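Asker: how would this look folded up:
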Amino acid sequence: MTAPSKTPPLKLVSDSTPAPTALLDRARAVIGTEISGLEQLSAQLTADFARAIDTLQRTSGRVIVTGMGKSGHIARKIAATMASVGTPAMFVHPAEASHGDLGMITQNDAVLAISNSGEAPELGDIIAYCKRFSIPLIAITKNASSTLGQMADICLTLPNAAEACPMGLAPTTSTTMTLALGDAMAVCLLESNGFSADQFREFHPGGKLGQKLLKVGKIMHSGAELPIAKPDDLMRDILIVMTAKRFGCVGIVGKDGLLQGVITDGDLRRKMSDDFLNLTAAEVMTVNPTAVTPSMLAAEALAIMNQKSITSLFVVDAGRLCGILHIHDLLRAGVV
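Answerer: Prediction:
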């Protein structure tokens, strides 16, 4: 594997402003250095990674992620990602742990400790606590022979890749590798635990992610709100139901509860005649209407509405009418 090429010193446009092309070259060199680190990390993964996933999957409590400084910031993100995809996790600050927050860690938990050098002194009390109470300790460090690496039950060793900082001091490549390794752990746990899109929706009720995974059953109208009639009901009565319910349609339901047809504003115009009010629903309705299920994604229902140029959809469960969904419901939920 070839190391990323070194970039020349930044060429200045004035006394203090680098030339744009030099800035782009430097930015690409930084990204290239970090890509090289990620490639080395991928190639260096061993069976210890699988052991770590197995340990975390069998943990009955939470994954406690900890780290100091920049490692702490990465640890917070890893904990948040794990928690959002079905692995209960939380961040514990190692310095605060020494002043009472060790009580947040139980014997049912597992600890994921992050330290590039493996010698962060603030981790000492957490390491000792894990050893005292036989709490599984997984380390992420560049130095497997460090105190953290030696004391850990499983040590995930980062490759000795160059930092992107020109002085080789600021955590850049190392934090990128750690973050990627944490993402890999979270995704592997997600798949091992069979975490579903439904569960993801429960953990992300807000924002665009939640809206995309919203189910029809969560926002449909049901019960007394439903505009329904029987096949032998006269149109004079059906018009009253249609006007009162304000969906612009009526579902025609048989004695078995199955949806047999639908009458819409369009049907009224097409079937209008002198004897229209004396016609039965069965004579006017459109049979085999398009319907959706409560478990369908609201976004899928919206796509059907757009495709068929309609504003309402009846919702059926095993053929039985159970709800109605209007485009205004999708607008209120932020799906549109």
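Asker: Going by C-alpha atoms from here, please, whenever you check contacts or count neighbours.
Answerer: OK.
Asker: So what touches stretch 243-255?
Answerer: Outside of stretch 243-255, the residues within contact range by CA atoms under 8 Å, 6 or more residues apart in numbering are 225-231, 238, 241-242, 259-265, 281-282, 285, 312, 314, 321, 326.
Asker: same question but for stretch 220-232, I mixed them up
Answerer: Taking CA under 8 Å, 6+ apart as the rule, stretch 220-232 contacts 238, 241-242, 245, 247, 249-255, 280-282, 315, 322-326, 329.
Asker: Strands along this protein, start to end?
Answerer: For the chain, the strands defined by DSSP state E occupy 63-67, 89-91, 110-114, 137-141, 154-157, 228-229, 249-253, 259-264, 286-287, 291-292, 312-317, 320-326.
Asker: which residues does the closest residue to residue 271 other than its chain neighbours contact?
Answerer: Among residues not flanking residue 271 along the chain, residue 284 sits closest, at 6.6 Å (CA to CA, 6 or more residues apart in numbering). Residues near residue 284 by CA under 8 Å, 6+ apart: 263, 267-268, 271.
Asker: Tell me the buried residues within these.
Answerer: Neighbour counting over those (16 or more other CA atoms under 10 Å) leaves 263, 268 as the buried ones.
Asker: can you list the contacts of residue 284 in TSV and add distance to residue 87 and pLDDT?
Answerer: Shown next, in TSV, are these (distance: CA to CA, whole Å; pLDDT from 0 to 100):
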residue	distance to residue 87	pLDDT
263	48	94
267	52	85
268	54	87
271	58	83
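Asker: what's the farthest-apart pair in the contacts of residue 284?
Answerer: 263 and 271 (10.4 Å; CA to CA).
Asker: The closest residue to residue 180 other than its chain neighbours: what's it in contact with?
Answerer: Distance criterion CA to CA, 6+ apart; nearest residue to residue 180, sequence neighbours excluded, is residue 38 at 7.7 Å. By CA under 8 Å, 6+ apart, the contact set of residue 38 is 176-177, 180.
Asker: which regions of the stretch 201-336 of the chain lie under the pLDDT threshold?
Answerer: 201-212, 336 (pLDDT under 70).
Asker: quick revisit: of all the contacts of residue 284, which comes closest to residue 296?
Answerer: Among the contacts of residue 284, and counting by CA to CA, the member closest to residue 296 is residue 263, at 23.1 Å.
Asker: Identify the residue spatially nearest to that closest one, adjacent ones excluded.
Answerer: In space, residue 263 is closest to residue 285, 4.7 Å off (CA to CA, 6+ apart).
Asker: Tell me who's in contact with the one you found.
Answerer: Counting by CA under 8 Å, 6+ apart, residue 285 has contacts 252, 261-264, 267.
Asker: From residue 182, how far off is residue 144?
Answerer: 18 Å (CA to CA, to the nearest Å).
Asker: ok, back up a step: sort out which of the contacts of stretch 220-232 are buried, if you could.
Answerer: For the contacts of stretch 220-232, buried by 16+ other CA under 10 Å: 238, 241-242, 247, 249-254, 280-282, 315, 322-326, 329.
Asker: circling back: among the contacts of residue 38, which one lies nearest to residue 334?
Answerer: Nearest to residue 334 among the contacts of residue 38 is residue 180, at 31.8 Å by CA to CA.
Asker: can you count the residues close to the closest one?
Answerer: A count of nearby residues for residue 180, using other CA atoms under 10 Å, gives 17.
Asker: can you list the residues that contact stretch 162-175?
Answerer: Against stretch 162-175 from outside (CA under 8 Å, 6+ apart): 29-31, 33-34, 37, 70-71, 74, 116, 158, 161.
Asker: Can you flag which of those residues belong to helices?
Answerer: 29-31, 33-34, 37, 70-71, 74 (DSSP state H).
Asker: Please report which of those residues has the highest neighbour count.
Answerer: Most surrounded of the ones in helices among the contacts of stretch 162-175: other CA under 10 Å gives residue 37, at 25 neighbours.
Asker: how near is the residue nearest to residue 271 to residue 82?
Answerer: 55 Å.
Asker: Over to residue 289?
Answerer: In terms of CA to CA, residue 289 sits 43 Å off from residue 82.
Asker: Looking at the two, which is more packed in?
Answerer: residue 82 (22 against 15).
Asker: Skip the chain neighbours and tell me the closest residue to that one.
Answerer: Residue 82's closest residue in space is residue 186 (CA to CA, 6+ apart), at 5.0 Å.
Asker: residue contacts, that neighbour?
Answerer: 78, 81-82, 85, 87.
Asker: ok, the closest residue to residue 73 other than its chain neighbours - how many residues close by?
Answerer: Using CA to CA, 6+ apart and skipping the chain neighbours, the partner closest in space to residue 73 is residue 67 (7.7 Å). Residue 67: 25 surrounding residues under other CA under 10 Å.
Asker: what do you get for residue 165?
Answerer: By other CA under 10 Å, 13 other residues sit near residue 165.
Asker: Let me know the distance separating it from residue 180.
Answerer: Where residue 180 is concerned, residue 165 sits at a distance of 19 Å (CA to CA).
Asker: Next: residue 126.
Answerer: Applying CA to CA, the value for residue 126 to residue 180 is 24 Å.
Asker: and what of residue 106?
Answerer: Where residue 180 is concerned, residue 106 sits at a distance of 27 Å (CA to CA).
Asker: Okay then, goodbye and thanks.
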